[in-house]
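Peer 1: Next comes the sequence, and after it the predicted model I'd like to discuss.
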Amino acid sequence: MTTASLRGGPEPTARAAVVSGPASLARRAWWRTPTAQRHIFGYTLLAPAALYVILLVGAPFLFSLWLAVSDANVGDPVAHFVGLDNFRAAWEMDTFWIALRNSIVFLVVAAIFKTLLGTSLAFLLLQSFRGKKLIRGLVVIPFTLPIAISVLSWKWMYDSQFSVINWVLSRLGLIGTYGSESWPVWLGQPHLALAACIAVNVWRTFPFSAIVLLAGFTAVPLEVLDAAKVDGCSFLQRFRHIVTPMIFPILMIGFLFDTVFTLSDLSVVYLLTQGGPGNATKILPVLAYQIGIQAGNLGRGAAIAMMLVPLLFPAMFLVLRNLKRREW
Amino acid sequence: MARPRTAGEKARRRYVLIYAGLVPFVFIAVFPIYWMAITAFKQEPDLYVMGNVPFWFNLPPTLKNFRTLFYQTNYGSWIVNTMTISAWVAVITLLTAVPAGYALARLRLRGSENLGIAIFMTYLVPGIILFLPLSRVVATLGLQDSWWALVLVYPTFTVPFCTWLMMGFFKTVPMEMEEAARVDGCGQLGALVRVVLPVSLPGILTSVIFAFTLSMQDFLYGLAFVAPGDQKPVPVGVPTELIRGDVYFWGSIMAAALMVGLPVAILYNFFLDRFIQGITGGVVK
């Protein structure tokens, strides 16, 4: 069958109608026409998914805008409009600024490390060698484990006394013995705690970076590279002018997805430190949870969660632009 | 004689370099799992002796941690909850995402491209923004403190993702098959059910797997909506119920983590490429 008949050709129903006799076509009401029938059928099929998304994502999103400007409380079902009070209260809260700063530090530092690790791993996995499938399967394990589960293993490895990391460091003579000044308490010292949380995020997502990058590399047709080589392009030129532009959209999407997931993830920090010691690892999602659910102040919590939107919005906008440029 | 040997040497050196480069990555990736496994089978006293080498058993291995889990905690219920929740989520996801994906990919609806993107974008609205309003929804429906709350909210991320996935999948099914079915007298629904769905089984199976694995990846909703100990799914029950104040039952915690984490990781592993393909918009072959 030709492409023309696939895309621009007569409707299957139209053809069927022609087979069954053209006279019946004229007598049909507008909603009996093949196009209308197809649209009715299509929107009916689409309706359940669309409704689910509208009712449980769209409406709650709007609802959370309302919560953010109300004094909604877990105990009190009636909420009143309070304007920007919640935002002002958050604005005046030291913890909010600490959480915002930590969120940004977390995002940026983690992104740097997972890019470095992910790129090196992708280059290694690009080579051909024996046992590649197995090794690839092993290195992506961190990403495929449920996060709340793998964090527990890290919490045990960061134990204040029986940390296996400290055991090794101590045997190597890099740190003193338990109780000495130089014995790191990973989750108990402010700077170490933030670094420890970031490390878990990097551990979990560097395979993702590597796989996305790898997917990008393998999407570059070899013929194009060979042609460029024949034309006398150096390795760097080929990389700069062919590989980079071709894999850029995929990289962008991977990067943006990771931004959204890292910024909005609460489980790593919540399970490791609950934002402590002090507020050293408090990030916006943890703060929103503690105020919204634990303290029961839905309005204030929603306002803090909403503060993530300006951070997330550019990422989402860029994903959208990238997807729209896709071939359909 | 000299030439093949240098070539062989070169190849060998290349291999050594590649493997040497990969070893640290594999080690970093796998060690936490190994640590989980060895801890799960260790006796309690074996965990807390600093003089011993912790990487192997200093006392004989034991199954006690697993027994504790099943006899003295709600672990059994959590597994049942997790499986039931995931099964329901998979059913809801299939009933909504498969028809929607088909409609968007095949029926040339007006604005189907934008509709598809709009549905997919909702996958990017993070739980942290939705969980407070959803807590109200859950409370209004009287579902708080039961795992049914999670059956209601997990499709908020599985439906957009799987719709997108199925949309990409249906695009790869040749149009001819459907048209042949129509010419042979099938209705629109008949063509879908009798011809398109059977050849799309791999895609449908992928959607089911994602409904399961994505449900397992959640922590926030379970933490926020389900308080009673026997109603939690595993990823929420283990960290919240097996830690009592400052007392950590590391052996049991690691046993619990291992038994659920490993199967999920292995399953997800096989479908990871589909996931990446899904989020990068299906350009990747």
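Peer 2: All right, it came through fine. Numbering: from 1, shown residues only, chains lettered A, B, ... in the order given.

Peer 1: need the helices for the stretch 51-200 of chain B, in chain order.
Peer 2: B:64-72, B:75-106, B:112-121, B:127-140, B:148-153, B:155-171, B:175-183, B:188-190, B:197-199 (DSSP state H, counting those that start in this stretch).

Peer 1: Tell me which of the ones you listed sits most buried.
Peer 2: Most buried of those, by mean neighbour count (mean count of other CB atoms under 10 Å in any protein chain shown): helix B:155-171, with a mean of 25. The C-beta positions use only the backbone N, C-alpha and C, and glycine is treated the same way.

Peer 1: mind saving the C-alpha coords of that one as PDB?
Peer 2: Taking Å, rounded to 0.1, in the frame of the first residue of the first chain, the C-alpha atoms of helix B:155-171 are listed here in PDB:
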ATOM      1  CA  PRO B 155      -3.000   6.700  38.300                       C
ATOM      2  CA  THR B 156      -2.300  10.400  38.300                       C
ATOM      3  CA  PHE B 157       1.200   9.600  37.200                       C
ATOM      4  CA  THR B 158       0.700   6.100  35.500                       C
ATOM      5  CA  VAL B 159      -2.100   7.300  33.300                       C
ATOM      6  CA  PRO B 160      -0.200  10.200  31.600                       C
ATOM      7  CA  PHE B 161       2.900   8.100  31.300                       C
ATOM      8  CA  CYS B 162       1.200   5.000  29.900                       C
ATOM      9  CA  THR B 163      -1.000   7.000  27.500                       C
ATOM     10  CA  TRP B 164       2.100   8.500  26.100                       C
ATOM     11  CA  LEU B 165       3.800   5.100  25.900                       C
ATOM     12  CA  MET B 166       0.800   3.500  24.200                       C
ATOM     13  CA  MET B 167       0.500   6.400  21.800                       C
ATOM     14  CA  GLY B 168       4.100   5.800  20.700                       C
ATOM     15  CA  PHE B 169       3.300   2.100  20.500                       C
ATOM     16  CA  PHE B 170       0.200   2.300  18.400                       C
ATOM     17  CA  LYS B 171       2.000   4.500  15.900                       C
END
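
Peer 1: picking that back up, I'd like the helices of the stretch 51-200 of chain B laid out as a markdown table, including mean pLDDT and distance to residue A:280.
Peer 2: Listed next are the helices of the stretch 51-200 of chain B as a markdown table, based on pLDDT from 0 to 100; distance: least, CB to CB, whole Å:
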| stretch | mean pLDDT | distance to residue A:280 |
| --- | --- | --- |
| helix B:64-72 | 88 | 32 |
| helix B:75-106 | 92 | 31 |
| helix B:112-121 | 85 | 34 |
| helix B:127-140 | 89 | 20 |
| helix B:148-153 | 93 | 31 |
| helix B:155-171 | 90 | 30 |
| helix B:175-183 | 80 | 58 |
| helix B:188-190 | 82 | 59 |
| helix B:197-199 | 85 | 53 |
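
Peer 1: export those helices to TSV and tack on distance to chain A?
Peer 2: Listed next are the helices of the stretch 51-200 of chain B as TSV, based on distance: least, CB to the nearest CB, whole Å:
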stretch	distance to chain A
helix B:64-72	13
helix B:75-106	3
helix B:112-121	5
helix B:127-140	4
helix B:148-153	7
helix B:155-171	5
helix B:175-183	4
helix B:188-190	5
helix B:197-199	12
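
Peer 1: tell me which element the most centrally placed residue in chain B is part of?
Peer 2: Note on chain B: the residue nearest the mean C-alpha position is residue B:213, at 1.7 Å, using CA atoms, centre = their mean. Element membership of residue B:213, judged by DSSP states H and E, is helix B:201-217.
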